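**Student:** A structural model of the following input is requested.
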Amino acid sequence: MAKKEQVKDMFNNISYTYDRLNHLLSFGIDKCWRRKAIKYLLKEKGDKQFLDIACGTGDFSIDLAKKLDNKSLVNSHISSVDISEGMLEVMKSKVKKENLDKYISILLADGEALPFDDESFDLVSIAFGIRNFEDRDKGLREIYRVLKPNGKLLILELSEPSSKLLRYLYRLYFKKILPKIGAYLSGDKDAYTYLPKSVENFPNKKDFLASLAKASFSKQEHKALSFGICRMYIAIK
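**Tutor:** Model prediction:
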């Protein structure tokens, strides 16, 4: 089975336990990382068209929409896409509960074949989803295509910390402890074995910045968050 189908099936299987486990296993730090990313995206004033790829159950899109609502940016809009029907069903109920439908459109779509016209978006985000792409370079080229000139791409992704001690503790938790807790609470052993492997197999910062340059982005940079456990990549078309 192709990686894309495996990822889709995996997230469909864990969709209804994903939020609770995600916040539990990250000790809630993932919320802080999202806040930092959204603060960066909203540095520039004015209404914008956003695309949130691999949106999952919608935490990033929903937090962003709340900020748009607070700032009365009523002409801004977020198109949220994912390949997992199960994750999107959970997201739909959350968006409805928060009454944010006017800001968010939810679409079942592949990040490597986006159903949007060229130069449709000012800002594109991917929060903890780029490592799940089957063809990462193809996905980055698609993002470049749908971004407007001078548009920005922001990616949040997990990584191994630089410090040897933190890296040891990180690997111990990710490889030994997290899979057991995740499997017990979700009933899906494979999903929480896949997570540490996908982080381990993701390119280091130098190589990933090179991938962004290869996709024709004119400027690429990165910021380490929480001692490098998470990294925020920013690229400009």
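**Student:** Look up how far residue 195 lies from residue 173.
**Tutor:** 11 Å (C-beta to C-beta, to the nearest Å). Placement of C-beta: from N, CA and C, glycine included.
**Student:** Backbone dihedrals for residue 202, please?
**Tutor:** When quoted as degrees, to the nearest 10, the phi and psi of residue 202 stand at phi -70, psi 140.
**Student:** should've said residue 107
**Tutor:** The phi/psi pair for residue 107 (degrees, to the nearest 10) is phi -130, psi 140.
**Student:** What residues are bridge-paired with it?
**Tutor:** residue 81 (DSSP bridges).
**Student:** Surely it touches residue 80?
**Tutor:** Yes: here residue 107 reaches residue 80: they are 7.0 Å apart, a contact under C-beta atoms under 8 Å.
**Student:** higher neighbour count, these two?
**Tutor:** The residue with more neighbours, out of residue 107 and residue 80, is residue 80; 28 against 14, by other C-beta atoms under 10 Å.
**Student:** where's the closest residue to residue 203 other than its chain neighbours relative to residue 54, distance?
**Tutor:** The shortest distance from residue 203 to any non-neighbouring residue, by C-beta to C-beta, 6 or more residues apart in numbering, is to residue 211 (6.6 Å). Residue 211 is 16 Å from residue 54, where distance means C-beta to C-beta.
**Student:** quick one: which of these two has more around it?
**Tutor:** residue 54 (26 against 17).
**Student:** Over to that one: give its phi and psi.
**Tutor:** The phi/psi pair for residue 54 (degrees, to the nearest 10) reads phi 50, psi 50.
**Student:** give the contact list for the closest residue to it other than its chain neighbours.
**Tutor:** Excluding the flanking residues, the one nearest residue 54 by C-beta to C-beta, 6+ apart is residue 129, at 2.5 Å. Taking C-beta atoms under 8 Å, 6 or more residues apart in numbering, we find residue 129 in contact with 53-56, 82, 111.
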